[in-house]
Structures are given as C-alpha cells and as structure tokens.
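>>> got a sequence here, can you build the structure:
(2 chains)
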Amino acid sequence: MVILQNSGTPIYQQIAEQIKADIVNGRIKENEYLPSIRGLAKDLKISVITTMKAYDELAEEGYVTAVQGKGYIVNPQDTEMMREQHLRRIEDGLTDAIKAARLAGIGGEELKNMLDILLDEQ
Amino acid sequence: MFLEDVITGKNIEKSFGSFKLDVPELHIPKGFATALIGENGAGKTTLLNILTGLRLDAKGEIKYFGKYDGVESDPYVKNTIGYVGSGYYYLPHWTTKQVEEITGLLFDDFDKEKFEKIAAALALDLKGKMGAPKKVSELSDGNKVKLMLCGALARKTGMLIMDEPASPLDPLMRDNLCDLIREYLNNGQGERSVFFSTHNVADMESVTDYVMIMEKGKIVEEGFVEDLKEKYVIVKGEKEYADGARKVLFSISESSYGFTGVCLSENLDALAGMNISTERASLTDICVAVMKKYSGLSLSKDLEI
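Numbers count the residues shown, from 1 in each chain, chains lettered A, B, ... in the order given. Sure, this is the predicted structure:
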C-alpha cells in the first residue's frame, strides 16, 4: 500500500480506496480479516485513528463488517451493489467535469470529444 | 465508538497566583495516543504532574483504569504508568547502571535485559569511553529523555505519560519516538494508552489520535484528530472577499494579496458565492487557529522588526 502525505487526498481515503480495490480485485477474499487497526497503523506509520476512520468508511459502504473483539471481516461482495457504487462515482466525476466545462465556456460537443480522445488514449 | 477512559477526571483545579488550572471534565481515551497541546504556561505540565502524582495538592477527583480513585489509592496505579518527565528526574550523579538498579527496586516487573535492548535500539550508549557506566549528568538532554524512555518501557505498563518527550530529540529520534509509540499501542491490542504533551505538533501528528488543546489553564478544544479535520477547514481567498469572510471565519490572517483562515465546516455555507478555495486542515493549522482564538495572541500588523 502506498500512502502519499501531500497528495491532497486524506490519508484515510487513500487507505480505504486501496483496500476497496484489493477487495474488488479479489486480492483480499471474503471472510478474510483486514490487518488489525493498530498493526496497520504501525506498518504505515500513521495514527490509529486514521486507520480506524478508513475501516469505518469501508464498513459504512458495506465492504467489511466490524466484529467485536476480532476486527474487520470482508463481506461477500454483492456485485449489483458494487456496480451501483461505481456508477455513482462515475456520475460524480462526470458532473465535476461538466461543471468545470461550463465555467470555461466549453460546450457539450467539445466535452464529448475530449472524453472520446481520453478514452482512445487509455 | 466503543470508548472507554483510561483516566477520567472531574473538577481538577489548582491555582498559583493569577493562574488557575480548571478542568471540569477530563477523559483520556483508552487504547489511543492523546496529545496535550498548548502555549508555554498554559498548564500542561501542571496537569501531567497532577495525573502522575508528582503534585498532590490539587482539587478534584481522578479515576485510573476505570476503577482506582486517586494515584495513591493502590500501588497498581503507579506500577502501571510509565512516566517520562521534562524535569529529568534521575539524579545527576547517578550512573546509568544505578538508574537501572533503582528502577528495578522501585517497580515490579522491571526487565533489565529489555532496558539494555531498548537503550541499544535508541542508540543510547550507557557506557562511557573507558567502559564504565556514564553518569546522568554526562548525558545530553535528548539522551536523558531516551534514558527515561528505557526506564519506562522496560516495565510492564498499561499507560505512558510523557511531558514534552519530543522537544529535546532530533528529527530522526522524533520519528523513532513515533514508531515506539505505535509499537507500544499495537502490542497492547487496545489495552495500552499514551498521553503526552508537545509543542512539536507537526512531528507528532502521525501518531496522535486524540488531541486536547489547552489555553490559560482550560481545555478549549478536544477531539479525535480525524473528527477535528472534518470540523475545521482552511479557506483562502482574494482580498476583496476578506470583509465578508472575516465575520464568518473562526480565525483569519490577512495580507495585501488576500486572506487565509480557518472556518468551521458548518459555517462554510455562509461563504457561498465568494470566490474562495478550501483545503483540508492539518493538525498544526487547527491548533494554531484555536490557540490564536483563545489567547488573542498574534503578531500585530504594525510590528516592524
């Protein structure tokens, strides 16, 4: 896991995103426990509360469940729900792009062209 | 959250002349590292001395580990707290060997081997050039802190209380101190806690879970660092918006180009329509804003140096 101190993205979010990716890609399997909060804090050289917040976010979004006294266990992944969440994130990103385009006076066609070019580049 | 206190205080008061320490409620969370931050003379050391029993003339009630009333109520309390003071409590003519022996006599569960192991890990040379144990007076301030850390960590403790442990340490050692705190908490599996005062907020942020900010003897702000970072947000804007922002912001500093301030997130809506940028606050930003607000201290714009 890579944590950037000055990327502008809060550290807890960076952790949550990377664990989400690991869960989605199957690198962490369902019914596996995440590393202990204090263990991960130690390994990443960050505070306990930051790790806790990352795990809380994962629990809130349904990726993991907190088990009293044992830690956080990875939930079976409901693909439909995951798809929904990804769709929502894509929508948010596109909405941001539209807002930025309006500010710059860039119209719909030009924006679509930009998207096509970016898609080609990937 | 599933929170328990490791130390709970009620109506802790102590006056010296015009200064008064006044802490109606104190809750140090169990399983975390809590930082006590404040200006010089804010009362941090006084509070730590009361909690560790170095000062027994204060008013109020203090409960330790959820069941012991007062630091003197049961030997368990002092045996379970490791203390690193700013006053270098080992006598100057003691040798490091004597420190080791005396700590072993004073506390149960002192582990001599662990003491020497920790000293080696902290690059603290217990012996002088001729191989004889060094005297405490021969140690630098940073090494005295390391020696106290060795004494505290070589015992079986459930809590570490440290008064300005970072100040005399160099940047590398501060980093080591943070690692040590995390290691201590990790091996305690939620049963160990750390409480320390510091001026070196930025250096200690990576290990701080909960923070208490003290000003003139009172705790004026406290909370989990991640919660405070949601509560406060940095706001920057051009000069023309400064007048409007000033009424809303928690604290503000202005220059001829624009302003930078800290805003309570809940008041951010009041800035809608202004062309401003926001940024996530660091713990240092929050501490400085809170200390400025409550102390009224900031450099006057007219000051020429």
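>>> okay, CA-based contacts and neighbour counts for the rest of this
Fine.
>>> outline the domain layout of the chain.
Reading this off chain A. Following automatic domain parsing, one finds the domains of chain A at A:11-74, A:79-121.
>>> I was thinking of chain B, sorry if that wasn't clear
Split by automatic domain parsing, chain B gives B:5-216, B:228-295.
>>> in the chain, which spans are helices?
Unless you meant another one, I'm taking chain A. Under the criterion DSSP state H, chain A contains helices at A:11-24, A:37-44, A:48-60, A:79-103, A:108-121.
>>> sorry, should have said chain B
Applying DSSP H to chain B gives helices spanning B:44-52, B:75-80, B:96-106, B:112-121, B:141-153, B:171-188, B:201-204, B:225-231, B:242-246, B:283-295.
>>> if you compare those helices, which one is most tucked away?
Using mean count of other C-alpha atoms under 10 Å in any protein chain shown, the stretch among these with the largest mean neighbour count is helix B:141-153, at a mean of 23.
>>> what's that one packed up against?
Under the contact definition 3 or more C-alpha pairs under 8 Å, 6 or more residues apart in numbering or on different chains; DSSP states H and E, helix B:141-153 sits against strand B:81-84, helix B:96-106, helix B:112-121.
>>> could I get those as CSV with mean pLDDT and distance to B:A154?
Below are these laid out as CSV (pLDDT from 0 to 100; distance: least, C-alpha to C-alpha, whole Å):
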stretch, mean pLDDT, distance to B:A154
strand B:81-84, 94, 9
helix B:96-106, 92, 9
helix B:112-121, 93, 5
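>>> in contact with residue 72, which residues?
Let's take chain A. A:Y33, A:L34, A:S36, A:Y55, A:V64, A:T65, A:A66 (C-alpha atoms under 8 Å, 6 or more residues apart in numbering or on different chains).
>>> that was the other one, I meant chain B.
Applying C-alpha under 8 Å, 6+ apart to B:E72 gives the contacts B:G53, B:K78.
>>> check it and give its pLDDT.
With respect to pLDDT, B:E72 scores 90.
>>> near chain A, which residues of chain B show up?
Selection of chain B residues close to chain A by C-alpha under 8 Å from any C-alpha of the partner chain yields B:32, B:179, B:182-183, B:185-186, B:189-190, B:205-210, B:224-226, B:280.
>>> up against chain B, what does chain A have?
Within chain A, the positions near chain B by C-alpha under 8 Å from any C-alpha are A:8, A:10, A:38-39, A:41-42, A:45-50, A:53.
>>> mind running it again at 10 Å?
Contact residues, chain A versus chain B (C-alpha under 10 Å from any C-alpha of the partner chain): A:5, A:8-10, A:12, A:36-50, A:52-53, A:68-69.
>>> picking that back up, go through the helices of chain B and find the least confident stretch.
Among the helices of chain B, helix B:242-246 carries the lowest mean pLDDT, at a mean of 88.
>>> could you say what helices and strands that one packs with?
The contact analysis (3 or more C-alpha pairs under 10 Å, 6 or more residues apart in numbering or on different chains; DSSP states H and E) places helix B:242-246 against strand B:232-238, strand B:251-254, strand B:258-264.
>>> any chance of the helices of chain A in TSV, plus mean pLDDT?
Shown next, in TSV, are the helices of chain A (pLDDT from 0 to 100):
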stretch	mean pLDDT
helix A:11-24	93
helix A:37-44	94
helix A:48-60	95
helix A:79-103	86
helix A:108-121	92
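>>> so which of these gets nearest B:K134?
The closest of those to B:K134 is helix A:37-44. By C-alpha to C-alpha, the value is 32.9 Å.
>>> in that closest one, what counts as buried?
Going by neighbour count (16 or more other C-alpha atoms under 10 Å in any protein chain shown), the buried part of helix A:37-44 is A:I37, A:R38, A:G39, A:L40, A:A41, A:K42.
>>> ends of stretch A:58-66, what's the gap?
End-to-end span of stretch A:58-66 (C-alpha to C-alpha, to the nearest Å): 10 Å.
>>> my guess is B:G142 meets B:E164, correct?
No: B:G142 is beyond contact range of B:E164, at 11.1 Å (criterion: C-alpha atoms under 10 Å).
>>> report the central residue of chain B.
Central residue of chain B (C-alpha atoms, centre = their mean): B:S197, 2.4 Å from the mean position.
>>> measure it to B:A35 for me?
With the distance defined as C-alpha to C-alpha, B:S197 ends up 6 Å from B:A35.
>>> shared neighbours of the two, anything?
Jointly contacting B:S197 and B:A35 under the rule C-alpha atoms under 10 Å, 6 or more residues apart in numbering or on different chains are B:M162, B:E164, B:V211, B:M212, B:I213.
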